[in-house]
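1. Can you look at this prediction? I've put the sequence above it.
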Amino acid sequence: MGKDVLFGRRQTAYLKQVLISCRETPVIAPRMSGMFKLLCEDNPSFSETLLALLLTQTQTVLSNEIRELLLILSDLMTMNDRYQAERIAFTLDGRTTGDESLSGLLKIIELNQEKDARRSYQCIKFLVQLANKADPVRHYLLQNPTALLWCVDWLKSKMNENACPMNDNSSNEDSNTRHFQRTMSAQVTLEEATALVSHIRQPSDDEMKE
């Protein structure tokens, strides 16, 4: 594979096609993710290009096609090199350059809370699972927890919207519909998310005495 494809003028087109292939043929996603890790290591320029494409597709493709994109994002955000913090910040907060802005995962969750709740849920589940296994991600989220606290409250409200029994035969990740469903997996995600922020919301001694 020529340098022109990976690092030259054909880079973006090539990476877009690889990500499409990962979505359409999930079995190749882990192998492609391994290749991406090698290319991103200590390479902020390549990392930023790839992350921007991953975030754009996470926002725009059908919600049942983002699982492999999140798998690749997970691998990139947990890479332990000197640019890990920058990749985490870019993925969560996005980028604003002049008049152009790119939504990070936290903004994608907010933008889709009503029109595509399944997309928002999948991104929240991804962040909670990642925070529980990667200290740098957890520390970044908890440094400014407002967005994470909002995610927990939103998911709790979705779980409490109606009294229908939880559906064990459906998934918020496999269907291309946009409506959130109460599932056991969503309940587990809510419990893990609540535990993640529990120390932030612990009442003070004075509050407990009131």
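-> That came through fine. Numbering: from 1, shown residues only.
2. element containing the residue nearest to Gln84 when sequence neighbours are not counted, please.
-> Spatial nearest neighbour of Gln84, chain neighbours left out: Pro136 (6.0 Å); criterion: Cβ to Cβ, 6 or more residues apart in numbering. The way it works is simple: take the backbone N, C-alpha and C, and place the C-beta from them, glycine included. Pro136 is part of helix 135-143 when elements are defined by DSSP states H and E.
3. still on that earlier bit, residues near the residue nearest to Gln84, how many?
-> When neighbours are counted by other Cβ atoms under 10 Å, Pro136 registers 16.
4. now Asn144
-> 11.
5. so who does it touch?
-> By Cβ atoms under 8 Å, 6 or more residues apart in numbering, Asn144 lies in contact with nothing.
6. buried residues in the next helix or strand after the helix holding Pro136?
-> Downstream of helix 135-143, the next assigned helix or strand under DSSP H and E is helix 146-159. In terms of neighbour count (16 or more other Cβ atoms under 10 Å), helix 146-159 has its buried residues at 147-149, 151-152, 154-155, 158-159.
7. And helix 146-159, what does it pack against?
-> For helix 146-159, the packing partners by 3 or more Cβ pairs under 8 Å, 6 or more residues apart in numbering; DSSP states H and E come out as helix 105-111, helix 117-133, helix 135-143, helix 184-196.
8. Those into a markdown table, with extra columns for mean pLDDT and distance to Ile72?
-> Output for these, formatted as a markdown table (pLDDT from 0 to 100; distance: least, Cβ to Cβ, whole Å):
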| stretch | mean pLDDT | distance to Ile72 |
| --- | --- | --- |
| helix 105-111 | 97 | 13 |
| helix 117-133 | 96 | 11 |
| helix 135-143 | 95 | 15 |
| helix 184-196 | 94 | 20 |
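9. for the chain, which spans come out with low pLDDT?
-> 1-5, 162-164, 167-169, 175, 201-210 (pLDDT under 70).
10. what residues are up against the residue nearest to Gln84?
-> Pro136 neighbours (Cβ under 8 Å, 6+ apart): 78, 84-85, 88.
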